[in-house]
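Asks: sequence and predicted model, in that order:
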Amino acid sequence: MTAFARQDTQEDWGTLTCEIRTVNHRYLEPSFRLPEALRDLENSFREQLRKQLRRGKVDVALRLQANESATQGFEIDEEVASAVNEAANHINRMLDNPAHISALDILRWPGVLASTEQDFGPAREAAGALFERTVSELVTVREREGERLRPLFEDRLTTMGERVTEVRERMPELIRAQEEHLKNRFEQAKVELDPDRVAQEMVMLAQKSDVAEELDRLEAHITEVSDTLQSDDAIGRRLDFLMQELNREANTLSSKSIDARVTRAAVDLKVLIEQMREQVQNLE
């Protein structure tokens, strides 16, 4: 489901900002962009996502901006610097044309200048809490979006139920019409009506045009989709499966159609199923 959440926190050591974006995907596929100093948090973040989300392509971006007072500094090893200076002066006294040694020359000597590493412990702890808040906001956004989609599904399920009922109510009339049409064809061809042959043709016609099972399964699947939408659990994958089953029955109904109105109803069903299938990708 497409969603976005952003949270930040500011402390003495600096500012952390966490952004999470999600788009439709059949499975859960997270990716992370973390500061190098906080890279070791990725595994724990990944586990937290698995507990909260079931599917979607998830992009997590965490940015750290350290305060100047907390940034990296330098320390000078005065003993090493003094030793380097004395050694340089000693060599200069031995030379006819001594060269002047500058402070920068001494600083460049290995071991004289050492960098002090910033303590990222406080930032690491804050990042964990910040990520948890951002994921919580993301889940809330996705839940609100899911609730907005519920009426769309319910409207289409109602329309599908009406189409199934229309076909079911019309089938006896259509069968009788087909039987009359078959008899008229025999009469127009001036073929002597063999009662056994007519009965056999009627049975074959009834078997070919019998869609009671398809209608029963369509109604069952519609009810199952409606019940699934009421669940508080992750329902996306289950609805994926139900959309496939609904589409299979609608295709069978269309292939068995003996009337343009039944064909039209089957087409309407497939259109409604496709509209729902597209939106199912937006559900957890």
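Replies: Sure thing, it's come through.

Asks: for the residue nearest to Pro35 when sequence neighbours are not counted, helix, strand, or coil?
Replies: Leaving aside its chain neighbours, Pro35 sits nearest to Leu64 (4.3 Å; criterion: C-beta to C-beta, 6 or more residues apart in numbering). No exception for glycine: its C-beta is placed from N, CA and C like everyone else's. Here Leu64 is recorded as strand under DSSP: H, G, I helix; E, B strand; the rest coil.

Asks: what number of residues lie near Leu64?
Replies: 19 (other C-beta atoms under 10 Å).

Asks: just the pLDDT at it, thanks.
Replies: Leu64 is assigned a pLDDT of 90 by the prediction.

Asks: give me every residue that touches it.
Replies: 14-16, 35, 37-38, 123, 127 (C-beta atoms under 8 Å, 6 or more residues apart in numbering).

Asks: got any ranges where the stretch 101-250 of the chain has weak pLDDT?
Replies: Counting by pLDDT under 70, the stretch 101-250 of the chain shows low-confidence ranges at 114-119, 175, 177-210.

Asks: hmm, 90 instead?
Replies: 101-124, 141-150, 167-214, 229-238, 240 (pLDDT under 90).

Asks: which stretches of it form strands?
Replies: 113-116 (DSSP state E, counting those that start in this stretch).

Asks: domains for this structure, by residue range?
Replies: Using automatic domain parsing, the domain parsing of the chain gives 3-69+123-141, 73-116, 148-280.

Asks: enumerate every residue touching the residue lying closest to Ala265 once chain neighbours are set aside.
Replies: Closest residue in space to Ala265, ignoring its immediate chain neighbours: Arg163 at 4.7 Å, by C-beta to C-beta, 6+ apart. By C-beta under 8 Å, 6+ apart, the residues touching Arg163 are 265, 268-269, 272.

Asks: Arg264 now?
Replies: Going by C-beta under 8 Å, 6+ apart, the list of residues near Arg264 is empty.

Asks: pLDDT value on it, please?
Replies: Arg264 is given a pLDDT of 91.

Asks: for Leu107, state which of the contacts of Leu64 is nearest.
Replies: Using C-beta to C-beta, Ala37 comes nearest to Leu107 of the contacts of Leu64, at 25.8 Å.

Asks: for Ala250, see how far away that closest one is.
Replies: According to C-beta to C-beta, to the nearest Å, Ala37 stands 56 Å off from Ala250.

Asks: those two: which has the busier surroundings?
Replies: Ala250 (26 against 15).

Asks: quick one: the more buried one and Val167, what's the gap?
Replies: 11 Å.

Asks: quick one on the thing from earlier: which residues does the residue nearest to Pro35 bridge with?
Replies: Leu16 (DSSP bridges).

Asks: any idea how far Arg148 is from it?
Replies: Distance from Leu64 to Arg148, by C-beta to C-beta: 35 Å.

Asks: again, but for Thr263
Replies: 34 Å.

Asks: the two: which is more packed in?
Replies: Thr263 (15 against 10).

Asks: part of a helix, is that one?
Replies: Yes: per three-state DSSP, Thr263 lies within a helix segment.

Asks: tally of neighbours for the closest residue to it other than its chain neighbours?
Replies: Counting by C-beta to C-beta, 6+ apart, Thr263 lies nearest to Ser257, which is 4.3 Å off, once chain neighbours are set aside. Applying other C-beta under 10 Å, we find 19 residues neighbouring Ser257.

Asks: cheers, nothing more for now.
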